[in-house]
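Q: Give me the fold of what follows.
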Amino acid sequence: MTRLWNLLNQPLPTTIAGAVLVALLPVAGISVAQSFSPSSGRISGPVVVAASVATVVVFLIAVTVWRLRTISGMRSSAFVGWIGGSLYGAFVYEMAFEGVPWRFQVPRSAPWNDFDPAAVAVQNISVDVPPRCPRCRTELEQHPRFRGGYLWKCVACGLSMTRKVDFWVESQRALKVARRNWERTYHDPQSRQSAS
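A: Here you go, the predicted structure:
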């Protein structure tokens, strides 16, 4: 599949393939004209079958080339990662979301102060991308799939899972849940009263 993709992604082979298809159109037209029977007003069966098969093949090639080029565009995505930070480092908070562990950075206060989770503004919590493998905690790799979606794969233990969305979208969802959990645990008055 990689060789086919590399061949189809080059401008020259794609141009040659298109030129061959365009060159075959007059040949197909001549074949149809020669097989036409004026007495019956019909085209012979084998020519109709051949033209139908050729149309389906050309359509499948066009869809395959389109999808492969779409996948190629998905691979060149923008940088995703944790940008920013605290002057005094960060506390790492880990949470599972959709069966995958995500790590979150919670900024620390000055080292001479005790760490107070209630003092942390929820909007300052950020997420590390990519997520970790649920088995061995190694960072996952992401590969686009031909039929859509993504394959998340661990290079250490070989675990693989399919997802409909990429790391970035899933990380933003996980971040929303983590921020809400942090709020619920450290900021909501009701949860503080029930804990005491």
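Q: Quick one: the strands in the protein, in order.
A: Per DSSP state E, the chain carries strands over the ranges 36-37, 42-43, 90-97, 100-107, 126-127, 140-144, 150-154, 160-163.
Q: Give me the below-cutoff pLDDT ranges for the protein.
A: 1-49, 68-89, 189-196 (pLDDT under 70).
Q: Distance of Q142 relative to T162?
A: To T162, Q142 is 11 Å away according to CB to CB, to the nearest Å. Yep, even glycine has a C-beta here, placed from its N, CA and C like the rest.
Q: okay, and the common contacts of the two?
A: Y150, L151, W152 (CB atoms under 8 Å, 6 or more residues apart in numbering).
Q: Q142 and T162 - which one has more neighbours?
A: Q142 (20 against 12; other CB atoms under 10 Å).
Q: if I pick the more buried one, what's in contact with it?
A: Q142 neighbours (CB under 8 Å, 6+ apart): P130, Y150, L151, W152, K153, D166, F167.
Q: Turn the strands of the chain into JSON lines, columns for distance to F59.
A: JSON lines is the format used below for these (distance: least, CB to CB, whole Å):
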{"stretch": "strand 36-37", "distance to F59": "25"}
{"stretch": "strand 42-43", "distance to F59": "21"}
{"stretch": "strand 90-97", "distance to F59": "40"}
{"stretch": "strand 100-107", "distance to F59": "38"}
{"stretch": "strand 126-127", "distance to F59": "42"}
{"stretch": "strand 140-144", "distance to F59": "22"}
{"stretch": "strand 150-154", "distance to F59": "26"}
{"stretch": "strand 160-163", "distance to F59": "27"}
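Q: Return the most buried member of these.
A: Of these, the one with the most neighbours on average (mean count of other CB atoms under 10 Å) is strand 126-127, at a mean of 24.
Q: what lines up beside it in the sheet?
A: Partners of strand 126-127 in the sheet, by DSSP bridges, are strand 100-107 (antiparallel).
Q: Chain neighbours aside, what residue packs nearest to E183?
A: Sequence neighbours aside, V122 is the residue nearest to E183 in space, at 5.4 Å (criterion: CB to CB, 6 or more residues apart in numbering).
Q: R179 is in contact with that neighbour, correct?
A: Yes - between V122 and R179 there is a contact under CB atoms under 8 Å: 4.7 Å.
Q: These two - which one has more neighbours?
A: A direct count of neighbours by other CB under 10 Å for V122 and R179 places R179 higher, at 17 against 14.
Q: Next, the contact list for the more buried one, please.
A: R179 neighbours (CB under 8 Å, 6+ apart): V122, Q123, I125.
Q: Of those residues, just say which sits nearest to W112.
A: I125 (22.5 Å; CB to CB).
Q: residues near the closest one, how many?
A: I125, neighbours per other CB under 10 Å, totals 20.
Q: do A110 as well
A: With other CB under 10 Å as criterion, A110 counts 9.
Q: Start the count at 435 instead of 1 going forward.
A: From this message on, residue numbering opens at 435, which makes the last subject A544.
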